[in-house]
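Undergrad: Quick one: sequence and predicted model below, then my questions.
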Amino acid sequence: MEVLIFPDSLSLARKSADLVESQIKKYPDSVIGLATGSTPLGLYRELIQRHNSHGLSFSGVTTFNLDEYVGIPADHAQSYRTFMDDNLFNKIDIEESNTQVPDGMAENPLEVGPAYEKEIERAGGIDLQVLGVGTDGHIGFNEPTSSLGSITRVKTLTQQTIEDNSRFFEPDEFQPKLAITMGIKTILDARRILLLAHGETKAKAVRNMVEGPLSAMCPASALQLHERTTILIDEQAASKLTLKGYYKFVGEMQDDLVRKHRPSDWISR
Ligand code: F6R
């Protein structure tokens, strides 16, 4: 697990956009896994800006979103489809038919997961997966105690996640308590993973993910098993890491190596 610590969320967003841009430039038909929430907004702003300023093109890219609420239609203001349309898809040149978000209104939500897995497989698997992390250590909506071998399926949200997300819903509005989410195995099958986190509220989850035991109680700790995961965090999110100084030292050493040899091995295929 590579841990990169940034002084602020803007430099973090820029670095994550550099990584996504290099992936797309090398493989214009890349398959990218995407997250919603406040964490990737800076990354999406950067990608839109690069599309506008120097024509970074997404025309060959296919995307798979991690998750969607069960029980609200795609055009609902709080659906993850709407979030993606508003914050990325409608502002770049991606083909709508190449953007996949689980169907939260399917007649039988239990059938959505296996079909989504097949779609990912048909696309050739995910080259690069972007993740945020919940304050309880969830990735996607894989809440604590999710099976580390899980695939896309319906999950019941925890009280903490419901409370964290309640800010997006009116007090008297229906707030979903179920979601369809890629599983932990689905995520670990991605060839390359970028997990982004900023702010003090994520510090505990980041510590458990990076330095805690591998445990279903912190689903993000499963990323310790993945060969090519990079954790991009700001100083606040890094504040509870015991080996913070070491990660910075590793970063400097890596920079030296990159300067000398210019490896591009983080690009996935
Ligand atoms: C969203 C998702 C979630 C979020 C996590 C952090 O698609 O899968 O795991 O990444 O809840 O949310 P924010 O970024 O809003 O703090």
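TA: Happy to help now that I have it. Keep in mind that this is a model prediction, so the values were computed, not measured.
Undergrad: what's the helix or strand Leu232 falls within in contact with?
TA: If you go by DSSP states H and E, Leu232 is part of strand 229-234. Strand 229-234 is contacted from outside by 1-9, 12, 15-16, 19, 192-199, 202, 206, 209-210, 223, 266, using Cβ atoms under 8 Å, 6 or more residues apart in numbering. Every residue, glycine included, has its C-beta placed from N, CA and C.
Undergrad: Can you give the strand pairings for it, parallel or anti for each?
TA: strand 2-6 (parallel), strand 192-197 (parallel) (DSSP bridges).
Undergrad: Relative to the ligand, which of these is closest?
TA: Proximity to the ligand, assessed across the strands paired with strand 229-234 by Cβ to the nearest ligand atom, is greatest for strand 192-197 (7.9 Å).
Undergrad: which other residues reach that closest one?
TA: Counting by Cβ under 8 Å, 6+ apart, 12, 16, 19-20, 23, 39-40, 43, 127-133, 139, 187, 205-206, 209, 220, 223, 226, 228-234, 237, 266-268 sit against strand 192-197.
Undergrad: ditto for stretch 154-171
TA: 70, 78, 109-110, 112-113, 134-136, 138, 141-144, 146, 175-181.
Undergrad: Filter these down to just the ones in strands.
TA: Among the contacts of stretch 154-171, the members found in strands (DSSP state E) are 178-181.
Undergrad: Looking at these, state which has the most neighbours.
TA: Thr181 (29 neighbours; other Cβ atoms under 10 Å).
Undergrad: near the ligand, from the contacts of stretch 154-171?
TA: The overlap between the contacts of stretch 154-171 and the neighbours of the ligand (Cβ under 6 Å from any ligand atom) comes to 134, 138, 141.
Undergrad: Name the nearest residue to the residue of the stretch 51-200 of the chain found nearest the ligand, ignoring sequence neighbours.
TA: Residue nearest to the ligand within the stretch 51-200 of the chain (Cβ to the nearest ligand atom): Gly132, separated by 2.6 Å. Residue nearest to Gly132 in three dimensions, not counting chain neighbours: Thr39, with 3.5 Å by Cβ to Cβ, 6 or more residues apart in numbering.
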